[in-house]
Structures are given as structure tokens and as C-alpha cells.
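1. Can you look at this prediction? I've put the sequence above it.
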Amino acid sequence: MAVKIRLQRHGKKGKPFYWIVAADARSKRDGKYLEKIGTYDPNQKPAAIELNFDSALGWLDKGAQPTSTAKAILSYTGVLLKRHLDGGVKKGAFTEAEAKKKFDAWMKDKSAKIEKKIQDANAALESNKKEAREREEEYRKKKLEEAKAKEKAKAEEAPADEAPADEAPADEAPAEEAPADEAPAEEAPAEEAPADEAPADEAPAEEAPAEEAPAEEAPAEEAPADEAPADEAPADEDK
């Protein structure tokens, strides 16, 4: 029976979580498995891997073939290196102590790299949080300044809008002084005084008869004309 070391998907949609299993190559990906040897969570930074080291190494020794993703995980955790060193010991290339020394040195270096990666990830997360807080603080200050500017502009515009209302009594002052303008109307009788003297001005009109006196004497001047016929009357009688 061919055995594969592969990933079996679990978790929610958009947040996958995988089991590392040894399963029959003929079974479905998420079907039955022979043994669960670890977990893999790619949602964390760096990705979280929990692996039963001895079980994974045992399945490799039995001939189990890992998939490409499972092989990368086994290499990352040092399982493939351990298997390679064990093969060198069996072939006599080096002793088991030397193999252990090499493996421990590699694991120490790998752990330092992983720790540095975790620190870098945490530092980046803190930096992002700090930047987010700074942006939020700047946004809050900007909104506060805008609100103060609006209040100031409103306060500056308010007196200008109310100024005409304050000056309204000054505009209506002439209406209150109207009686002073009508005072001459009360003095009108004094201005009409000449009208009372009009008879004095018209006095010459009463003397007009004195000027027309010659007209009354006109008959005296025309008297000879009236007497002319009397003189001529005898002439007619002589004829």
C-alpha cells in the first residue's frame, strides 16, 4: 500500500487550517487517514507548525512519500535533514555523535532564524498599530481644528448679521422726530398774516371811482355835440 504524507484541509472559509496526515494514496484528500502527525496554520505570521517529529521520521523510513507542501514543511522542521544524517550514519560517512552535533547546530541556527522572524513580525505589527494610532490622532486633531474654524467663522459672521437689527432704532429716529418737521404747520397762521392785510393792498381798488371821475365828466365835454343840432335846426327851417 502506497502511503503519502499530505495536508488535510479543515477550518473556516477564507481561514484554512490543515492537518498533516499519513494516508493511503488512493483515499480522498479529506477522507480517511492512517495517522495524524501534525497541524499547519498559515493564518499566523510566521505560519504555525506543530509536528510529531518521530512519527513523521518513522513514516519516511517506511517509504511514505510527502507531497510538495508536506515536503516543504518536513524540511522546515528538520525532519528531512535528520533522515539524511541517519542515512549517512548507516553508510558510515560519519558517526552518530557527529550527526547529532550537526543536527543540533542546524536546529539552533533554525530556531534563531524563526525567533528573528517572529520578532520582525511582531515589530511590524506594532509599527502598523502605532501608525494607525498616529493617523487616527491626526484625523481627530484635523476634525477638531475644522470644528473650531467653523465655530470661529460663525462667531465672526454673527455680529455682522445682527448689526442692522441693532441700528434699526437709529434708522427709525427720523420717524420719531416727525412732529418737529410738522412744527411749521402749526405756525401757518403767522405765515398767513399777509392774507389778513389783503384789504390794505386792495384799498386802491376802492379808490378806483376817484380815478374814473373824468369819465363821469365826459358828458360835459360832449355837450356841444348835443347842442349842434339845435344850431342847425333853423337852417332846415329856412329852406
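-> Thanks, I have the structure now.
2. Show me what the longest helix anywhere in the chain is packed up against.
-> For the chain, the helix with the greatest residue count under DSSP state H is helix 96-176. Judged by 3 or more CB pairs under 8 Å, 6 or more residues apart in numbering; DSSP states H and E, the packing partners of helix 96-176 are helix 79-91. Placement of C-beta: from N, CA and C, glycine included.
3. what about 10 Å?
-> Taking 3 or more CB pairs under 10 Å, 6 or more residues apart in numbering; DSSP states H and E as the contact definition, the neighbouring helices and strands of helix 96-176 are helix 68-77, helix 79-91.
4. can I get the ones you listed in TSV with distance to A155, mean neighbour count and mean pLDDT?
-> Rendered in TSV, the data for the helices and strands packed on helix 96-176 read as follows (distance: least, CB to CB, whole Å; neighbours: other CB atoms under 10 Å; pLDDT from 0 to 100):
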stretch	distance to A155	mean neighbour count	mean pLDDT
helix 68-77	66	17	92
helix 79-91	74	16	89
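5. Which among the ones you listed is found nearest to A56?
-> Taking CB to CB as the criterion, helix 79-91 is the member of the helices and strands packed on helix 96-176 that comes nearest to A56, at 4.9 Å.
6. Now do that closest one against helix 68-77, angle only.
-> For helix 79-91 against helix 68-77, the angle by axes from the mean of the first three to the mean of the last three CA atoms, to 10 degrees is 70 degrees.
7. Put the alpha carbons of helix 79-91 into CSV.
-> Taking C-alpha atoms only, helix 79-91 is exported to CSV below (Å, rounded to 0.1, in the frame of the first residue of the first chain):
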residue,chain,number,x,y,z
VAL,A,79,12.8,16.0,9.6
LEU,A,80,14.4,15.6,6.1
LEU,A,81,17.8,16.7,7.5
LYS,A,82,17.5,14.2,10.3
ARG,A,83,16.7,11.4,7.9
HIS,A,84,19.6,12.4,5.7
LEU,A,85,22.0,12.3,8.6
ASP,A,86,20.7,8.9,9.8
GLY,A,87,21.3,7.6,6.3
GLY,A,88,24.9,8.9,6.4
VAL,A,89,25.4,7.2,9.8
LYS,A,90,24.1,3.9,8.3
LYS,A,91,26.5,4.2,5.4
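8. ok, residues contacting that helix?
-> 5, 37-38, 51-57, 59-61, 66, 70-75, 78, 93-103, 106-107, 110 (CB atoms under 10 Å, 6 or more residues apart in numbering).
9. Domain boundaries for the protein, per the record?
-> 3-78, 94-164 (automatic domain parsing).
10. mind giving me a markdown table with those and columns for distance to D86?
-> Compiled in a markdown table, those are given as follows (distance: least, CB to CB, whole Å):
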| stretch | distance to D86 |
| --- | --- |
| domain 3-78 | 8 |
| domain 94-164 | 7 |
